[in-house]
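Chemist: Fold the stuff below for me.
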Amino acid sequence: MTAAGMAAAQNAAPSVSAPSPAPASTSAPATADADPALWMVKDKDTTIYLFGTIHVLKPGLSWFDDGVKKAFDSSDELVLEMVQPDQATMQNIVLSKAYSLSGPTLTERLPETERGNYLKAMNSLGIPPAAFDRAQPWFAATNLSLLPLMKLGYDPKSGPETVLTAAAATEKKAIEGLETPEQQIGYLAGLPEKVQLAFLESTLKELPKTEETMNGMVAAWSRGDPDALAKFMNDGLDDSPELAKTLLFDRNARWAQWIKARLDKPGTVFIAVGAGHLAGKQSVIDQLKTLKINAKRVAY
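Modeler: Numbering: from 1, shown residues only. Alright, predicted model coming up:
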């Protein structure tokens with residue numbers, strides 16, 4: 001898939017039920033320093049930090065320290081894209097939208113020219129070809145995006161959302177979601193079939209570049225380089241305008257409005273959303289500018 005498609009799948013990563021990866025090595029990974037970008041929006045009695053995440057990371061990146069930790073510790077509330085429900089609840093939400101019990105199979109819905117690539121991808125990941133026969137294209141695309149990452153050692157348990165949620169719970173901070181799980185799944189499930197199939201076809205095409213693309217995204221994120229990250233995120237956006245509008249641009253605009261409204265309430269808030277929402281054109285940062293709200297980069 002294109003980098004834009006990878007960004008979309010990353011944004012949905014905590015929402016998708018996927019087969020478990022092979023057990024990783026039990027040896028502790030070496031720690032590498034990471035200093036992701038952090039922004040601040042502030043008025044006389046409200047401070048809002050904006051932190052971009054990569055939803056799945058390899059263990060061993062030291063990012064929850066320095067300025068990020070200081071901003072989090074000073075905050076009264078953690079705000080995420082969504083608050084992850086328990087596994088059974090999430091699975092029920094996903095399964096209610098992910099499968100169709102009638103009509104053509106997924107293989108039959110794909111153009112003939114793509115069916116060989118689809119079966120090859122399934123076999124390479126050890127998934128029986130019939131496993132997604134009744135799946136909607138968005139569900140197959142997202143899983144086929146995430147499973148290679150998990151095989152490479154990327155893990156939601158090492159992702160910032162998991163770490164921040166645990167820290168907030170320990171410190172008894174309020175935790176709020178910008179969206180509900182039903183909304184997040186609904187964005188994907190509500191895409192027209194043509195767009196879903198294009199998403200799946202793009203995913204299949206770009207699977208060989210998964211490691212290279214993801215490593216580049218994480219490297220840009222780790223060094224706090226939103227411009228470089230934006231290049232990954234923007235690659236292919238023009239090829240998937242409806243996907244980009246639904247999963248990125250429209251949500252960015254709504255979240256900017258949320259931030260504007262939140263400035264009317266005193267306190268300090270730490271917002272953590274996918275880094276793709278804070279980089280590039282029509283990002284949350286850009287949307288705030290249109291609302292005459294300045295998001296200042298925090299130096300640390």
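
Chemist: where do the strands sit along the stretch 101-250 of the chain?
Modeler: Counting by DSSP state E, counting those that start in this stretch, the stretch 101-250 of the chain has strands at residues 174-179.

Chemist: Please tell me I have it right and residue 260 contacts residue 293.
Modeler: Yes: at 6.1 Å, residue 260 and residue 293 qualify as touching, with contact defined as Cβ atoms under 8 Å. To be clear about C-beta, it is placed using only N, CA and C from the backbone, and glycine gets the same treatment.

Chemist: list the buried ones in stretch 38-55?
Modeler: 38-39, 41, 46-55 (16 or more other Cβ atoms under 10 Å).

Chemist: Can I get the residues you listed in TSV including secondary structure and pLDDT?
Modeler: Below are those laid out as TSV (DSSP: H, G, I helix; E, B strand; the rest coil; pLDDT from 0 to 100):
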residue	secondary structure	pLDDT
38	strand	98
39	strand	98
41	strand	98
46	strand	98
47	strand	98
48	strand	98
49	strand	98
50	strand	98
51	strand	98
52	strand	96
53	strand	95
54	coil	93
55	coil	92
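
Chemist: Residue 90: which of these is nearest?
Modeler: residue 55 (14.2 Å; Cβ to Cβ).

Chemist: measure the spatially closest residue to residue 61 that is not a sequence neighbour to residue 74 for me?
Modeler: In space, and not counting its chain neighbours, residue 61 is closest to residue 34: 4.6 Å by Cβ to Cβ, 6 or more residues apart in numbering. Look at residue 34 and residue 74: by Cβ to Cβ, to the nearest Å, they are 20 Å apart.

Chemist: between the two, which one's more packed in?
Modeler: Under the criterion of other Cβ atoms under 10 Å, the comparison of residue 34 against residue 74 puts residue 34 first, with 21 against 11.

Chemist: Contacts only, for the more buried one.
Modeler: Listed by Cβ atoms under 8 Å, 6 or more residues apart in numbering, the contact set of residue 34 reads 61, 62, 63, 221, 222, 223.

Chemist: since we're on the fifth one, how many residues are nearby?
Modeler: Which is residue 222. Residue 222 has 18 neighbours, counted by other Cβ under 10 Å.

Chemist: What of the third one?
Modeler: The tally of other residues near residue 63 (other Cβ under 10 Å) stands at 21.
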